[in-house]
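Peer 1: sequence unknown, structure follows:
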């Protein structure tokens, strides 16, 4: 167990993985800062209309007027998280192959993820994440429970796309195993 943990930490803190995380993370943040700077008024109007439709929040006028900037920042954060998930799904193949070759040099990659299927899984997970997030905003402000709920939402966002992206590299050559595990 300690050996697995040590290997995992070495991989997580390797320059290759840290560089990837920084590029994807900072790129997503920069993208949304630029977009939201140019379209801030339109964006806040959209956020205000969304707030008006959320149960329990839409009926409180003081939240619609005073809290719209806070909710706009919160939704901006969610857009960044979704973009990070999308970019990770699109660009993770080379890093996954390098990590696999590092630990399992005798195992060959015999497949590659389909970009459109990968996008479909990511968009589906992002839609579910966004809908559940919008309807559970009040829950996010409950101490401890809100943080646990947000972690669960993040797990929904990354579970299917990651399983598809890693599984479609086909390190396992037995197609029956992949089919049984719903990778393909």
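Peer 2: Perfect, thanks for sending it. Predicted model only: the values in this text are computed from it and were never measured. Residues are numbered from 1 along each chain as shown.
Peer 1: going by C-alpha atoms from here, please, whenever you check contacts or count neighbours.
Peer 2: Noted.
Peer 1: buried residues in the helix or strand encompassing residue 49?
Peer 2: Following DSSP states H and E, the helix or strand that holds residue 49 is helix 40-53. Neighbour-count burial for helix 40-53 flags 43-44, 47-48, 50-52 (criterion: 16 or more other C-alpha atoms under 10 Å).
Peer 1: let me know the closest of those residues to residue 74.
Peer 2: Among these, residue 47 lies closest to residue 74 (C-alpha to C-alpha), at 9.9 Å.
Peer 1: wait, that closest one sits on residue 70?
Peer 2: No: using C-alpha atoms under 8 Å, residue 47 is not in contact with residue 70; the gap is 10.0 Å.
Peer 1: low-confidence bits of the chain, can you list those?
Peer 2: Scanning the chain for pLDDT under 70 picks out 54-67, 110, 170-184.
Peer 1: 80 instead?
Peer 2: 1, 4, 48, 50-70, 100, 103-104, 106-114, 137-138, 166-184 (pLDDT under 80).
Peer 1: mind jotting down where the strands sit in it?
Peer 2: With DSSP state E as the criterion, the chain has no strands.
Peer 1: can you pull out the helices in it?
Peer 2: 2-12, 15-38, 40-53, 61-66, 68-91, 93-103, 115-135, 137-140, 145-167, 175-180 (DSSP state H).
Peer 1: reformat those as CSV; add distance to residue 109.
Peer 2: Listed next are those as CSV, based on distance: least, C-alpha to C-alpha, whole Å:
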stretch, distance to residue 109
helix 2-12, 19
helix 15-38, 19
helix 40-53, 43
helix 61-66, 52
helix 68-91, 16
helix 93-103, 7
helix 115-135, 17
helix 137-140, 41
helix 145-167, 10
helix 175-180, 14
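Peer 1: nearest residue to residue 11 other than its sequence neighbours?
Peer 2: Spatial nearest neighbour of residue 11, excluding adjacent residues (C-alpha to C-alpha, 6 or more residues apart in numbering): residue 17 at 6.9 Å.
Peer 1: that older thread, tell me what the helix holding residue 49 is packed against?
Peer 2: Judged by 3 or more C-alpha pairs under 8 Å, 6 or more residues apart in numbering; DSSP states H and E, helix 40-53 is in contact with helix 61-66, helix 68-91.
Peer 1: in the last one, what's buried?
Peer 2: Right, the one you point to is helix 68-91. 68, 71-72, 75-76, 78-90.
Peer 1: elements contacting it?
Peer 2: On a contact count with 3+ C-alpha pairs under 8 Å, 6+ apart, helix 68-91 meets helix 15-38, helix 40-53, helix 115-135, helix 145-167.
Peer 1: closest to residue 108 out of these?
Peer 2: The nearest among the helices and strands packed on helix 68-91, by C-alpha to C-alpha, is helix 145-167 at 13.2 Å.
Peer 1: could I get the contacting residues of the residue nearest to the spatial centre of the chain?
Peer 2: Closest to where the C-alpha atoms of the chain average out (C-alpha atoms, centre = their mean) is residue 85, at 3.1 Å. Each residue near residue 85 by C-alpha atoms under 8 Å, 6 or more residues apart in numbering is listed here: 122, 157-158.
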